[in-house]
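Chemist: Need a 3D model of the following:
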Amino acid sequence: ERGLFYQAINAVLEIILDDALELEDYQKNLSLMFGEEVMRDVISSVTGEITFYGLSKTSIKLEGLDKHLRLIESYKKLHKARKEA
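Modeler: Residues are numbered from 1 along each chain as shown. Below is the predicted model of the structure:
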């Protein structure tokens, strides 16, 4: 899915950056190629409504990033074990 998003964003950016082309002329076909949801995300990313597609909002405490928190806890245990050895 992420690869499809990047293919779609590449196509949209090529259209937007070409002064001779209008995105509206291609939107229907792009939606057929990449899907409605992907195109919504792409357009939102290009317009700045979405920043950092696919990433969860978090805080300095890494709230919502459970895998990262578990990894950090594992590193803490590892460093503690090395220190005690």
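Chemist: what are the ranges of the helices in this structure?
Modeler: With helices called from DSSP state H, the chain shows them at 2-17, 27-34, 36-47, 66-84.
Chemist: how near is the spatially most central residue of the chain to residue 41?
Modeler: Residue closest to the mean C-alpha point of the chain, counted by Cα atoms, centre = their mean, is residue 53 at 2.6 Å. Distance from residue 53 to residue 41, counting by Cβ to Cβ, to the nearest Å: 6 Å. Backbone N, C-alpha and C define where each C-beta goes, glycine included.
Chemist: What of residue 84?
Modeler: Residue 84 sits 48 Å away from residue 41, going by Cβ to Cβ.
Chemist: Those two: which is more packed in?
Modeler: Neighbours were counted for residue 84 and for residue 41 using other Cβ atoms under 10 Å; residue 41 has more, 20 against 6.
Chemist: OK, contacts around the more buried one?
Modeler: Counting by Cβ atoms under 8 Å, 6 or more residues apart in numbering, residue 41 touches 5, 50, 53.
Chemist: Quickly list the domain ranges of the chain.
Modeler: Recorded structural domains for the chain (assignment: automatic domain parsing) are 1-54, 56-85.
Chemist: Centre of the chain to the first one, how far?
Modeler: Relative to the centre of its chain, domain 1-54 is centred 13 Å away, using Cα atoms, centre = their mean, to the nearest Å.
Chemist: Quick one: end-to-end length of that domain, please.
Modeler: 10 Å (Cα to Cα, to the nearest Å).
Chemist: Next: stretch 31-40.
Modeler: Stretch 31-40 has an end-to-end distance of 9 Å (Cα to Cα).
Chemist: Buried ones in it, by neighbour count?
Modeler: 31, 34, 38, 39 (16 or more other Cβ atoms under 10 Å).
Chemist: Can you pick out the most distant pair from the residues you listed?
Modeler: Pairwise distances across the buried residues of stretch 31-40 peak at 8.4 Å for 31 and 38 (criterion: Cβ to Cβ).
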